[in-house]
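1. got a sequence here, can you model it:
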Amino acid sequence: MLAGAAEGALALEVQDLAFAYPDGHVALRGVSLQVRCGERVALVGPNGAGKSTFLLHLNGLLTASQGSISVVGLPVVKANLPVVRARVGLVFQNPDDQLFSPTVAEDVAFGPLHMGLPEDEVKVRVARALRQVAMDAYASRLSYHLSAGEKKRISIATVLAMDPDILALDEPTAGLDPRARRGLINLLRAFPMTLLVSTHDMLMVRDLLPRMVIMDEGRIVADGATDALMDQPALLEAHGLERP
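-> Model prediction:
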């Protein structure tokens, strides 16, 4: 973890972030957010609220037309992207977007190798990341033969191998059966790093994520304790959400 990433320090600071896609669709409208190291934050709202677009800005996969982002004090600008992408572990909704190597071990090794780490260190990181997601025995398996739940765990391992400060997940429980969903939530509960989770799974939000940020039409419309916001049914209904 980078210096300054102690518990309670700012893991993420976003100021007045705005973004429009090439077709003119405005996806983010002046989003500002602070997340402290060790926090577990849910990002919720209806489809099209801007949640996924927001996550893609955190490690520079999209570039804002306005505003600024810093990760553990490091500005998210082109010169810093190799370091930023190690600090923010972004897990896509569809694991097939993240798994493209012949074997599980090669997928998990991809990030550390591109960080320029020596081979021995890469092997250590791969073994540790697979152990963290309880997939130790899968190193030599073919990624495309795995179940949805297994692929989700491996996709998380690919970012854990880079030792991130922030784990950002886009709809992590989407498409999982109940057993795989429970297993994934228990897995996330055990992780010590900062969590930022975009999701429609309000049960998971209630059980795992003490802070909830509601987005709608590219803006943050509410930010507070999950329990307090869950007790406002009119607020939830107004933004396409339901209390579990």
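
2. where in the chain is pLDDT low?
-> Applying pLDDT under 70 to the chain flags residues 1-8.

3. go again using 90 as the cut-off
-> Within the chain, the ranges that satisfy pLDDT under 90 run 1-8, 65, 96-98, 114-115, 143-145, 175, 192.

4. can you give me phi and psi for Ile156?
-> phi -70, psi -40 (degrees, to the nearest 10).

5. how about stretch 67-85: buried residues?
-> Residues Gly67, Ile69, Ser70, Val71, Val72, Leu74, Val76, Asn80, Val83, Val84, Arg85 are the ones in stretch 67-85 that count as buried (16 or more other C-beta atoms under 10 Å). Where C-beta positions appear, they are placed from N, C-alpha and C, glycine not excepted.

6. surely the last one and Asn59 touch.
-> In this case it means Arg85. Yes - in this structure, Arg85 is within contact of Asn59 by C-beta atoms under 8 Å, at 4.6 Å.

7. ok, back up a step: among the buried residues of stretch 67-85, which two are most distant?
-> Across the buried residues of stretch 67-85, the longest distance by C-beta to C-beta is 20.1 Å; it joins Gly67 and Val83.

8. give me the contact list for stretch 164-173.
-> The contact list for stretch 164-173, computed with C-beta atoms under 8 Å, 6 or more residues apart in numbering, reads 1-2, 5, 11-12, 35, 37, 51-52, 55, 58, 71-72, 86-93, 152, 156, 159-160, 181, 184-185, 188, 191, 193-201, 204.

9. again with stretch 23-35
-> When contacts are defined by C-beta under 8 Å, 6+ apart, stretch 23-35 is touched by residues 10-21, 41, 50, 53-54, 57, 64, 66-67, 166, 194, 196, 213, 215, 217-220, 223.

10. now do 6 Å
-> Residues outside stretch 23-35 that contact it (C-beta atoms under 6 Å, 6 or more residues apart in numbering): 11-20, 41, 50, 53, 218-220.

11. for stretch 60-74, same thing?
-> 2, 4-5, 11-19, 56-57, 76, 80-81, 84, 87-88, 165.

12. quick one: the strands in this protein, in order.
-> Applying DSSP state E to the chain gives strands spanning 10-20, 26-36, 40-44, 66-71, 74-75, 88-91, 166-170, 194-198, 211-216, 219-225.

13. tell me the bridge partners for the most centrally placed residue in the chain.
-> Among the residues of the chain, Ala168 comes closest to the average C-alpha position under C-alpha atoms, centre = their mean, at 1.2 Å. Assessed by DSSP bridges, Ala168 has beta-bridge partners Leu90, Leu196.

14. next one: it relative to Met230, how far apart?
-> Using C-beta to C-beta, to the nearest Å, Ala168 is found at 22 Å from Met230.

15. can you check Met202 too?
-> Met202 is 8 Å from Met230, where distance means C-beta to C-beta.

16. same question, Lys51
-> 18 Å.

17. and those two? Which one has more around it.
-> Using other C-beta atoms under 10 Å, the more surrounded residue of Lys51 and Met230 is Lys51, with 27 against 18.

18. ok, the more buried one touching Ala42?
-> No - if you go by C-beta atoms under 6 Å, Lys51 and Ala42 don't touch, sitting 10.0 Å apart.

19. what separates the nearest residue to Met193 once chain neighbours are set aside from Val35, distance-wise?
-> Leaving aside its sequence neighbours, Met193 sits nearest to Leu167 (C-beta to C-beta, 6 or more residues apart in numbering; 5.3 Å). Applying C-beta to C-beta, the value for Leu167 to Val35 is 12 Å.
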